[in-house]
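Novice: Here is a sequence with its predicted model. Questions after.
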Amino acid sequence: MAIAGADCKFIVIDVGAYGSNSDGGIIQDSAFYKLLNSNNLNIPEPTFIPGTNTTVPFVFVADEAFPLSPNMMRPFPRREVTDEKRIFNYRLSMARRQVECAFGILSSMWRILLGTIEVHDTFACHIVKAVCALYNVILNNDELAVEARTRNNDLPACNRRPGNEAMIIRDKFMSYFVSPLGSLPWQNN
């Protein structure tokens, strides 16, 4: 599991869980999630959505495998999706592309990650941690980062009930995304 920023650099990685474990289970056992839930991540204070008087917290963007919480946004379930919810899901998926790009660039740089790493589990974890660290170092070097990104142009459920606060925050983002101020010209297509 990993968290990447808008610059495609890894902020947090959690290596060592078995592939048969669910993403929701992995995150709930992670140090990151425990810090998030105990409000110990030093996340900035909530701020206004640009051009509005609506405040929302800073959030991590996740897919449907992860729990909805005040600081973690996930898409609405696909069943009975309204136009507003579909637009929210689309905008969220646009934001999630950064982590997908990070994994795509990482695996194109180190092809060993595309298959089974045939070493002891502990050593495989060290390999993954090392290539993630090297990846961030390369992206910090502007010249190497451009080369790494241009080489990879073809980038391709948790059962915990979210709290009411998390659903209200997601609704605020959804309302903004469909408003004249926050909408994109092509999002209805």
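Specialist: Nice, I can see it. On a predicted model such as this, the values are computed, not experimentally measured, just so you know. Numbers count the residues shown, from 1 in each chain.

Novice: Show me where the chain has its helices.
Specialist: 23-28, 31-37, 83-109, 121-140, 142-150, 164-178 (DSSP state H).

Novice: rank those by pLDDT, which is bottom?
Specialist: If you rank the helices of the chain by mean pLDDT, helix 142-150 sits at the bottom with a mean of 60.

Novice: From Asp63, how far off is Met109?
Specialist: According to C-beta to C-beta, to the nearest Å, Met109 and Asp63 sit 23 Å apart. Glycine gets a C-beta too; all of them are placed from N, C-alpha and C.

Novice: neighbour count winner among those two?
Specialist: Met109 (17 against 14; other C-beta atoms under 10 Å).

Novice: Pull the contacting residues for Leu92.
Specialist: Taking C-beta atoms under 8 Å, 6 or more residues apart in numbering as the contact definition, Leu92 lies against Val61, Met73, Arg74, Pro75.

Novice: Any figure for the gap between the last one and Tyr90?
Specialist: Shown here: Pro75 relative to Tyr90, a distance of 9 Å by C-beta to C-beta.

Novice: Tell me which of those two has more neighbours.
Specialist: Using other C-beta under 10 Å, the more surrounded residue of Pro75 and Tyr90 is Pro75, with 21 against 16.

Novice: so that one makes contact with Ser93?
Specialist: Yes: when contacts are counted by C-beta atoms under 8 Å, Pro75 is listed as touching Ser93 (7.2 Å).

Novice: what's the neighbour count on Ala4?
Specialist: Neighbours of Ala4 (other C-beta under 10 Å): 22.

Novice: Same question for the one 10 residues further on.
Specialist: For Asp14, the tally of surrounding residues (other C-beta under 10 Å) stands at 15.
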